[in-house]
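S.K.: this one's sequence-less:
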């Protein structure tokens, strides 16, 4: 027995020695989570006329990046060396000394009605450029988009994911007292800038949904007194009623990923089911036939499945079925009521609203219902919508009481970086559009 | 009574007396001050002043001037290319096409027409900032930094300036070292071990799944007592001989192996710079990177990707960049490694596995 013990001890001590032959091998599983510090010296103005523009563009780029919660801007007062010109050599030791991990330099020129922006991104500790320099051109009025495009490039090169800054959000702008609330459709940049109204105060409008290409918006209108689904062309702001299956009420529409089909809820005779309409052929297909209420359908990115809300088990829960209908499997399993599921553009997660113990939450779960995580909690959180890269969720939050007003918020999918999106009026029901081309 | 008893009694009494008197004297030393006075003549004083101050002043500027010159010289070397690689992307011109007639994508100024058709708002109530967050919003907030070991928020008067690298380093420094350098005025940034979402409040959301990431705090690295000085000497001699003979040949490590504590300290010194974006797709990728170290513990040459598992090319590249950044950042001033075991850590391969950190 003793001998066996000795042999075992010898083996145990020998293994590490043998394992150290060759390079030293380490495994790291615990890192840190913190914003990445970057330096962005104000872009150089290439003419006197472009000084203000250069400052504005620099500010929007920095705001985009810091607004993600993933980056932290190092104030210019900490800079050791100044970047006088775009082509000036980079003094990497100076930027390393202030712990800048990324450095963005750029220049702006205004020529008549045109703005030209060029930029470069550097990995400071590696001492190399990340990607190659880029030049972007726009009309003066589109300068914010230029800045968003630069920020998208920086974001993508550092994180390895596409950005979401050059995108727009359609939402319901609300005004007036709670018992006589005026609602109309509005569209804005993702950060709340450039708000434009798409409809007048012609009646209640609800739940706008962008098409996959961002050129059309589906929404539910009460113009006729009953909820009907309208399609609106964003370019010419021309609404028309969508030809759905005949029924008492049609609502909660959403486009398929290819934009050729629309799924929606149709109420008839006290029963609500999910239907699909092919926009090209006008063919209507019933996808559910249960006596319960089925609503809030959302396609998976591959178009093969639909997640929806149903109370067939007694309380509202989330279910997934084939895009052709048929058997549905329940994915939500926790206590409380689940609703408004939205499939992530990445396909891996489903965002939802949950009501439990007197509070509303925005949460995410995997498509099999596992790993549910609640990201927010308040008196009323509703209507999650994904950023085009599946990284951020925007929703609306309404405050309690007669004076309560809704406002738009966004939160990172990790649950960090909860922040309000500024809008000129009260706002609800956001729908995040795709990256613009 | 015997003589012995008398002697014993006398001795005890003497001892007691000595203890009382002696103790009392020690406890109450008489306070007194001594002032030493010496006489220095005016000439001697002048001579003394002349001998010290002028030289010290003339030395100082030279000492200060040197670093300034040094800082100027290393600046230019990193510049690589003079040719400006400015690419005009196909996507770029689209903004210019926004204002002319075809505007399916962006309605900039022209779209103002839309608002003309819309009646002006009777009255709108801009949501005031204090009203919007409900009064029952939870109080616990996350720290800006999430690290394996929690760090309490620094005192009010401790400035956390932009040199955030200060915040990462001290977290790994033992308390004794931290106290030994009272000059450092910066404090590490506050850190938590978990992401705290708004939903994770004491009052509700019991369904929230919290990732179990608590890790036992390891003791600060202690040198292993098993290695004797003789063994070190021998290993050094062997290592020197090997390094003299074969500079580029594959090194067969010799000498005492790295102890568990030394490896752990090295591992943690890299990990504190490994910034994991837990919501990013690259957290699906486990990368292994390889690099060489100089005797001073600095990265020597390029860091190479040895292996990447999971994810596509873009995600692997992002994971590799994060790993490389960690090694370069925390090794900027050289890793603190046992010099006598250089052959053991001359070549390093580090596997970065974010599977326990990722959210998806």
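M.R.: Happy to help now that I have it. A quick note: this is a predicted structure, and the numbers were derived from the prediction, not measured.
S.K.: any idea which element residue B:325 lies in?
M.R.: Element membership for residue B:325, per DSSP states H and E: helix B:313-330.
S.K.: just residue A:152 next, same as before
M.R.: According to DSSP H and E, residue A:152 maps onto helix A:143-159.
S.K.: Quick one: mean pLDDT over that helix.
M.R.: Average pLDDT, helix A:143-159: 95.
S.K.: and the very next helix or strand once past the helix holding residue B:325 with chain A, contact?
M.R.: Next helix or strand after helix B:313-330 toward the C-terminus (DSSP H and E): helix B:342-345. Yes: using Cβ under 8 Å from any Cβ of the partner chain, helix B:342-345 reaches chain A at B:344, B:345. From N, CA and C alone the C-beta is placed, and that goes for glycine too.
S.K.: I'd like the average pLDDT over helix B:342-345.
M.R.: 91.
S.K.: one step back: please name every helix or strand in contact with the helix holding residue B:325.
M.R.: If contacts are counted by 3 or more Cβ pairs under 8 Å, 6 or more residues apart in numbering or on different chains; DSSP states H and E, helix B:313-330 sits against helix A:143-159, helix B:260-271, strand B:286-293, strand B:299-309, strand B:347-352.
S.K.: Just give me how far the helix holding residue A:152 sits from the chain centre.
M.R.: Relative to its chain's centre, helix A:143-159 lies at 15 Å (Cα atoms, centre = their mean, to the nearest Å).
S.K.: Okay, angle between the helix or strand just after it and helix A:143-159 too, please.
M.R.: Downstream of helix A:143-159, the next assigned helix or strand under DSSP H and E is strand A:167-175. Strand A:167-175 runs at 120 degrees relative to helix A:143-159, counting by axes from the mean of the first three to the mean of the last three Cα atoms, to 10 degrees.
S.K.: how about the nearest residue to residue A:97 once chain neighbours are set aside, what does it touch?
M.R.: Counting by Cβ to Cβ, 6 or more residues apart in numbering or on different chains, residue A:80 is the residue found nearest to residue A:97 once chain neighbours are left out, at 5.9 Å. Neighbouring residues of residue A:80 by Cβ atoms under 8 Å, 6 or more residues apart in numbering or on different chains: A:91, A:94, A:95, A:97, A:98.
S.K.: who touches residue A:174 in this structure?
M.R.: By Cβ under 8 Å, 6+ apart, the contact set of residue A:174 is A:181, A:182, A:183, A:405, A:406, A:425, A:426, A:427, A:428.
S.K.: run the last query once more with 7 Å
M.R.: Residues in contact with residue A:174 (Cβ atoms under 7 Å, 6 or more residues apart in numbering or on different chains) are A:181, A:182, A:183, A:406, A:425, A:426, A:427, A:428.
S.K.: Just the buried ones from those?
M.R.: The neighbour-count test (16 or more other Cβ atoms under 10 Å in any protein chain shown) marks A:182, A:183, A:406, A:425, A:426, A:427, A:428 as buried among those.
S.K.: Point out the least confident one among those residues.
M.R.: Lowest pLDDT of those: residue A:182, 88.
S.K.: Test my guess that that one contacts residue A:176.
M.R.: Yes: between residue A:182 and residue A:176 there is a contact under Cβ atoms under 7 Å: 4.6 Å.
S.K.: Just give me the neighbour total for the residue of chain B found nearest chain A.
M.R.: For chain B and chain A, the shortest gap (Cβ to the nearest Cβ) falls at residue B:318, measuring 2.6 Å. Residue B:318 has 24 neighbouring residues, counting by other Cβ atoms under 10 Å in any protein chain shown.
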